[in-house]
Each structure stands twice: as C-alpha cells, then as structure tokens.
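S.K.: no FASTA, just this:
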C-alpha cells in the first residue's frame, strides 16, 4: 500500500517496496482555495499516480490511482484539505 507523509510544503509519497525512490507532491506554491490551485494539485497527484501505477492491469491501475489520490488528499494537513475542498468546489460567476 502507499503511505503519505506531509511536510511543510510537500507531501512525500512513499510507495510500496516496488518503488525504489520517494516521489514528492509539492503544493506549497499553490493556492488550494482556488479552482486553479486545486486543479493543479489534482494534476500533480495524477502524475505521481501514473508513475506508481504504470505496471498494472487496467483494473488494478484504476484502483491504484484512486488509492494514491485518496491517501494523498487525506494526508494533507487539515488547513490544506479545507482549502482544497473550497477550491475544488469553487466556480466562476
């Protein structure tokens, strides 16, 4: 399984033993309370998930990507999760 450790300006994604190195998902440069910031974090998470889940069957890949996303978001600090939730639901008038 995957484990996320949050740091000051980055979430460090430690993959299972299959991955030799840690992958970082930085978000300190993003305003997660905006639609653009939340979307950019989604893109970064998706890129890491694509790397970690590449050598799997299509069904396993879908589940793996969902797991990476869920863990990455659940391990953000509380204030960042709140901002991300706002940004993900924001809309332009």
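M.R.: Yep, that arrived. Values in this document were obtained by computation on a predicted structure and should not be read as measured data.
S.K.: Which helix or strand lies directly C-terminal to the helix or strand harbouring residue 38?
M.R.: Take DSSP states H and E as the rule and residue 38 turns out to sit in helix 35-52. Going down the chain from helix 35-52, the next helix or strand is helix 58-74, by DSSP H and E.
S.K.: Go through that next one and flag the buried ones.
M.R.: The neighbour-count criterion (16 or more other Cβ atoms under 10 Å) identifies 61, 64, 65, 68, 71, 72, 73 as the buried residues of helix 58-74. Glycine gets a C-beta too; all of them are placed from N, C-alpha and C.
S.K.: for that helix, packing partners?
M.R.: strand 3-6, strand 10-14, helix 35-52, helix 78-89 (3 or more Cβ pairs under 8 Å, 6 or more residues apart in numbering; DSSP states H and E).
S.K.: right, and these - which one's nearest residue 28?
M.R.: Residue 28 lies closest, by Cβ to Cβ, to one member of the helices and strands packed on helix 58-74: strand 10-14, at 6.7 Å.
S.K.: So what are the sheet partners of the next helix or strand after the closest one and their directions?
M.R.: Note on strand 10-14: by DSSP H and E, the next helix or strand toward the C-terminus is strand 23-26. Paired strands of strand 23-26, with direction, are strand 10-14 (antiparallel) (DSSP bridges).
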